[in-house]
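[1] quick one, structure for this:
(chains A and B)
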Amino acid sequence: MSHSQSFEVKNLSCIRDDRILFEGLNFKISNHQVLLLEGKNGCGKTSLLRIICGFREQDAGEMFWCDTSINESEYYSDMAYVGHLDGVKKELTVLENLKMSLALGQSGNYSIEQALDKVLLAGYDDSLVQSLSAGQKRRLSLARLLITKNSLWVLDEPFTSIDKEGIKLIESLMHEHITDGGMIILTSHHDLVLHEADVQKINLSLCH
Amino acid sequence: MSLIAAFFAVIRRDLTLAFRRRAEIANPIFFFILVVTLFPLGVGANPKLLQAIAPGIIWVSALLAVMLSLDSLFRSDFDDGSLEQMLLSSHPLTVLVFAKIIAHWLVTGLPLLIVAPLLAVFLGLPEQALGTLLITLVLATPVLSLIGSIGVSLTIGLRGGGMILSLLVLPLYVPVLIFASNAVEMAGNGLAVDAQINILIAIFFTSVVLAPLPAAAAIKMSVD
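    Model prediction:
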């Protein structure tokens, strides 16, 4: 990625059921950076990610992609999200699911075969997703990040139901993405091991 | 990929899914056949009476069959997060929603179109009305899917939204029902039906243009 990109939020607030989850939140990340959101359960980590994705309307504040407001920028073609829901259809095969993701976005650095290889799902092309285990489904939804063009990854608890080797694998994928000039915003209860990466941490429990 | 490729990918995906969940998809059409075949048993085998109420029976059953299938339009995509991914796509959601509506019509409306003439003959609908019945079905079943999509997308995020869905959608279905069954009845009596057909054409084009937009907007609100 040649040109520099950045994602910035200014004065962001989120109120849920009259309870202030966070307010006056500011941060900026640019290429090669990771933002790790921390805090106890119910402190608004997922709400923040859903605001960043545009699913939820923020109660105050603004978000910018490359210094332009996200709705006027190329934001949505440059970001990808993996949330609590896998976003894959269990009646479709692995290959059909990835082809659909590709149709919704633009092709990225890896072909479908290479991506499946990377997430250790090679040879599962024609298996129905319902026959995969929870961890394999998770890795499949992460494969989506590799096949589409994006520089900002928004990950909500990417390590749920993934075994130790899987965690190492995802960490190496994240590391590769970062060195390649990408950005990651994630929540995780797992201690992240990202060597030489520029990791910012925000504890949302403290953002009242 | 281009918008057109995404549009056809969504249609193809939904058709594949429908094919893999055959039992679920066959449900509305079975409902339609059952309701229509039960009527002669209920009202008695009086050919004159059946002939007179045939357009109404067929249209009411078709309408209810489509309503029964509406929930499947976005439900599974909402539950497994596929809808979120569509929202994040760089393509306009309206176009993707329109593709989903077309796929929904292909799996629910089209089978009705094929079965309805057979059931019409079974109820003794006059031959000269069969053509009109087909025309009204071709024009109005897509309208049922289109209008229904607005209702489903509004209620998708609610637990037990089925009741509200019927309340939202039924009033909008009433004009379609009135003009369509009236056209078939008039045609059976050998009268001109141009007026009703023209109105159905107007409703069809209006809903093609106007339904996907609010449906997409409502989905954005429901995914929260």
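[2] burial of the residue in chain B that chain A sits nearest to, as a residue count?
    When distances are taken as C-beta to the nearest C-beta, chain B reaches nearest to chain A at residue B:81, 2.7 Å away. Bear in mind the C-beta positions are built from the backbone N, C-alpha and C, glycine included. Around residue B:81 sit 20 other residues, with neighbours defined as other C-beta atoms under 10 Å in any protein chain shown.
[3] which one is it nearest to, not counting chain neighbours?
    Setting aside the residues directly before and after it, residue B:81 is nearest to residue A:85 in space (C-beta to C-beta, 6 or more residues apart in numbering or on different chains), at 2.7 Å.
[4] so that neighbour makes contact with residue B:77?
    No. With contact defined as C-beta atoms under 8 Å, residue A:85 does not reach residue B:77; the gap is 10.3 Å.
[5] between these two, which is the more surrounded one?
    Applying other C-beta under 10 Å to residue A:85 and residue B:77 shows that residue B:77 carries more neighbours, namely 23 against 16.
[6] looks like that one contacts residue B:93 (just checking).
    No. In this structure residue B:77 lies outside contact range of residue B:93 using C-beta under 8 Å: 11.9 Å.
[7] which residues are in contact with both of the two?
    Counting by C-beta atoms under 8 Å, 6 or more residues apart in numbering or on different chains, the residues touching both residue B:77 and residue B:93 are residue B:86.
[8] nearest residue to the middle of chain A?
    residue A:154 (2.2 Å; C-alpha atoms, centre = their mean).
[9] who are the neighbours in contact with that one?
    When contacts are counted by C-beta under 8 Å, 6+ apart, residue A:154 is found next to A:49, A:52-53, A:79-82, A:184-186.
[10] quick one: low-confidence ranges for chain A?
    A:1-2, A:207-208 (pLDDT under 70).
[11] all strands of it, in order?
    Ranges of strands in chain A, per DSSP state E, are A:6-16, A:19-30, A:33-38, A:60-65, A:68-69, A:79-82, A:152-156, A:183-187, A:198-203.
[12] out of the ones you listed, which one sits most buried?
    strand A:79-82 (a mean of 25; mean count of other C-beta atoms under 10 Å in any protein chain shown).
[13] got the residues of chain B near chain A?
    B:1, B:5-6, B:9-10, B:13, B:16-17, B:20-21, B:76-77, B:79-82, B:84-91, B:96, B:223-224 (C-beta under 8 Å from any C-beta of the partner chain).
[14] show me which residues of chain A sit near chain B.
    Chain A comes close to chain B at residues A:50, A:53-56, A:74, A:76-77, A:79-81, A:83-92, A:96, A:99-107, A:144, as judged by C-beta under 8 Å from any C-beta.
[15] select only the buried ones of the residues you listed in ChimeraX?
    Buried subset of the residues of chain A next to chain B, written as a ChimeraX selection, criterion 16 or more other C-beta atoms under 10 Å in any protein chain shown:
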select /A:50,53,54,55,56,76,77,79,80,81,83,85,86,87,88,89,90,91,92,96,99,100,101,102,103,104,105,144
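[16] so which of the residues of chain A next to chain B sit within helices?
    Among the residues of chain A next to chain B, the members falling in helices are A:50, A:53, A:96, A:99-104, A:144 (criterion: DSSP state H).
[17] what about residue A:95, how many neighbours?
    Using other C-beta under 10 Å, residue A:95 is surrounded by 15 other residues.
[18] I meant residue B:202, not that one.
    Neighbours of residue B:202 under the rule other C-beta under 10 Å: 12.
[19] element containing it?
    Secondary-structure assignment from DSSP states H and E places residue B:202 in helix B:194-210.
[20] could you list the buried residues of that helix?
    Applying 16+ other C-beta under 10 Å to helix B:194-210 flags B:196-197, B:199-200, B:203-204, B:207 as buried.
[21] what's downstream of that helix, the next helix or strand?
    Remark: after helix B:194-210, the chain's next helix or strand is helix B:212-222, criterion DSSP H and E.
[22] in chain A, which residue sits closest to chain B?
    In chain A, the residue that lies nearest chain B is residue A:85 (2.7 Å; C-beta to the nearest C-beta).
[23] any idea how many residues pack against residue A:134?
    With neighbours defined by other C-beta under 10 Å, the count for residue A:134 comes to 11.
[24] which non-adjacent residue is nearest it?
    Going by C-beta to C-beta, 6+ apart, residue A:134 has residue A:161 as its nearest residue, at 4.1 Å.
[25] next one: phi and psi at the one you found?
    The phi/psi pair for residue A:161 (degrees, to the nearest 10) reads phi 50, psi 30.
[26] so how far is residue B:39 from it?
    52 Å (C-beta to C-beta, to the nearest Å).
[27] likewise residue A:59?
    From residue A:59 to residue B:39 the distance is 55 Å (C-beta to C-beta).
[28] between those two, which is the more surrounded one?
    More crowded of residue A:59 and residue B:39, by other C-beta under 10 Å: residue B:39, with 21 against 15.
[29] hang on, the more buried one in a helix?
    Yes. With DSSP: H, G, I helix; E, B strand; the rest coil as the criterion, residue B:39 is located in a helix.
[30] quick one, what contacts it?
    B:50, B:53, B:57, B:123.
[31] can you tell me the closest non-neighbouring residue to residue A:61?
    Nearest residue to residue A:61, sequence neighbours excluded (C-beta to C-beta, 6+ apart): residue A:12, at 3.5 Å.
[32] please name the bridge partners of the one you found.
    Beta bridges link residue A:12 to residue A:25 when assigned by DSSP bridges.
[33] that one reaches residue A:25, doesn't it?
    Yes. Between residue A:12 and residue A:25 a contact is recorded at 4.3 Å, counting by C-beta under 8 Å.
[34] find the residues that touch each one of those two.
    Joint contacts of residue A:12 and residue A:25 (C-beta under 8 Å, 6+ apart) are A:48, A:61.
[35] quick revisit: tally of neighbours for the residue nearest to residue A:134?
    Neighbourhood size, residue A:161 [other C-beta under 10 Å]: 13.
[36] any idea how far it is from residue A:141?
    Distance of residue A:161 to residue A:141, computed by C-beta to C-beta: 11 Å.
[37] same check on residue B:175?
    Residue B:175 sits 44 Å away from residue A:141 when distances are taken as C-beta to C-beta.
[38] what's the pLDDT at residue B:94?
    Among the per-residue scores, residue B:94 shows a pLDDT of 95.
[39] excluding its backbone neighbours, what's nearest it?
    residue B:216 (4.3 Å).
[40] related to what we said a few turns ago, in a markdown table, list the contacts of residue B:39 along with distance to residue B:145.
    Conversion of those to a markdown table gives the following (distance: C-beta to C-beta, whole Å):
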| residue | distance to residue B:145 |
| --- | --- |
| B:50 | 29 |
| B:53 | 25 |
| B:57 | 21 |
| B:123 | 25 |
